[in-house]
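What would the 3D arrangement of this be:
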Amino acid sequence: MRINIDKLKTHTFKIVIAPTLAIFLGLASAANLAADTVQVFACEPEWSSLAEEIGGDRVKAFSATHAQQNPHFIRARPSLIAKVRKSDLIFCSGAGLEVGWLPILIQKAGADLQPGTNGYLMAGDHVQLIEQPHSHVDRSMGDIHPEGNPHVHMDPRNILIIAKELTKRLSSIDPGSSEFYAGQFDSFSKRWSEALSGWEKEISDLTEHPIVTHHKSFSYFVNWANLKDVGAIEPKPGLPPTIRDLNNLYTSIKDIDELLIIRSPYDPAKGATWLGEKTSRPAIVMPYTIGGNAKVTDLFSLFDESIRLLKSSL
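Presented below is the predicted three-dimensional model:
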């Protein structure tokens, strides 16, 4: 029997080489796509969510923390250092929130991720900070941030300002997609403005309503919603309350009807629970960030759920 070598070569190519080549090309294409994706290292979930809103499929965002973690106290793990080194943009709250760990990561990052570059975006640098101390700050005052309150995402009006700056940074890092990012921002801006109008109408029912917070995490939200801050469970920012502190707080608010008591998912429950039992009011766990409860999957649902929780407690 005579074998046709040419036909055998063709047959072998179709069965073995062609599928292998297709797989190789597919992997190469996927690798190129991944290489073209802007890698965003976000310190908190709210900023990774915003990066995904503006960046769409051209951005891959990673959050160094989750909703059950206090962003003040994170360890600069080797895995975080590795993530930073592979990133194109560092996106954090700033204003001292991450001062205990972010500087260590920045030291290990490239020149294009250092302060003053387009790859270094601190949200607090682009909005008006509240609760800025007017005197010398020292440890006796608790965990006071000299720059001001860093929890800027809890005022929904700040989100659009920060989103606009984020759009500029992404366009600078990935100029070939600048029109795409501009379109993403325009779409997000319209949806956010509509949602903001609705939230303002909903929360207006609670104007001047008295509220006690665990920490200063919700100060921006309290200001935006025109709630009346009547006390904090922490005697000083970051300092756990003693029973004497809690009794003093209770004495000052015990005659207030329908008091709102709130804390974040990562705040210790003990103080808020104690005060809630003494006042016969629910101690509300506000989501604070993305993933704060099962219903909060993005920035829109963060404010939807925050307002719902407050109103449903009355």
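
ok, the most centrally placed residue in the chain - contacts?
Centroid-nearest residue in the chain, with C-alpha atoms, centre = their mean: residue 46, separated by 2.1 Å. Residue 46 makes contact with 153, 289, 290, 299, 302, according to C-beta atoms under 8 Å, 6 or more residues apart in numbering. Any C-beta I mention is one placed from the backbone N, CA and C, and that applies to glycine too.

Residue 60 should be in a strand, yeah?
Yes. Assigned with DSSP: H, G, I helix; E, B strand; the rest coil, residue 60 falls within a strand.

still on that earlier bit, for the contacts of residue 46, which PyMOL command selects only the ones that are buried?
Buried subset of these, written as a PyMOL selection, criterion 16 or more other C-beta atoms under 10 Å:
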select buried, resi 153+289+290+299+302
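
out of the contacts of residue 46, which one sits closest to residue 219?
For these, the residue nearest residue 219 by C-beta to C-beta is residue 153; the value is 11.8 Å.

what comes into contact with the helix or strand hosting residue 302?
Using DSSP states H and E, residue 302 falls within helix 299-312. With contacts defined as C-beta under 8 Å, 6+ apart, helix 299-312 is touched by 46, 49-50, 53, 153, 156, 159, 191-192, 195, 199, 202-203, 205-206, 221, 260, 262, 284, 286-287, 289-290, 292-293, 295-296.

helix, strand or coil for residue 166?
Under three-state DSSP, residue 166 falls in the helix class.

in stretch 296-307, what's buried?
So stretch 296-307, judged by 16+ other C-beta under 10 Å, has buried residues 296, 299, 300, 301, 302, 303, 304, 305, 306, 307.

looking only at pLDDT, what's the mean for that stretch?
For stretch 296-307, mean pLDDT rounds to 99.

What of stretch 231-242?
94.

what's the straight distance from one end of it to the other?
Stretch 231-242 has its terminal residues 15 Å apart, counting by C-alpha to C-alpha, to the nearest Å.

now do stretch 60-74
Stretch 60-74 end-to-end distance (C-alpha to C-alpha) = 22 Å.

what comes up buried for the helix ranked longest in the chain?
Counting residues, the longest helix in the chain under DSSP state H turns out to be helix 178-203. Applying a neighbour-count criterion of 16+ other C-beta under 10 Å, one finds 180, 181, 184, 185, 188, 189, 192, 195, 196, 199, 202, 203 buried in helix 178-203.

Would you pull up how far stretch 227-247 lies from the middle of the chain?
Distance, stretch centre to chain centre, for stretch 227-247: 25 Å (C-alpha atoms, centre = their mean, to the nearest Å).

Now it: buried residues?
Applying a neighbour-count criterion of 16+ other C-beta under 10 Å, one finds 227, 230, 231, 232, 233, 234, 235, 237, 241, 245, 246 buried in stretch 227-247.

With stretch 248-257 instead?
Result for stretch 248-257 [16+ other C-beta under 10 Å]: buried residues 249, 253, 256.

From residue 260, how far off is the nearest residue to the first one once chain neighbours are set aside?
Nearest-residue entry for residue 249: residue 231, 5.2 Å, with adjacent residues in sequence omitted and distances by C-beta to C-beta, 6 or more residues apart in numbering. Taking C-beta to C-beta, to the nearest Å as the measure, residue 231 and residue 260 are separated by 11 Å.
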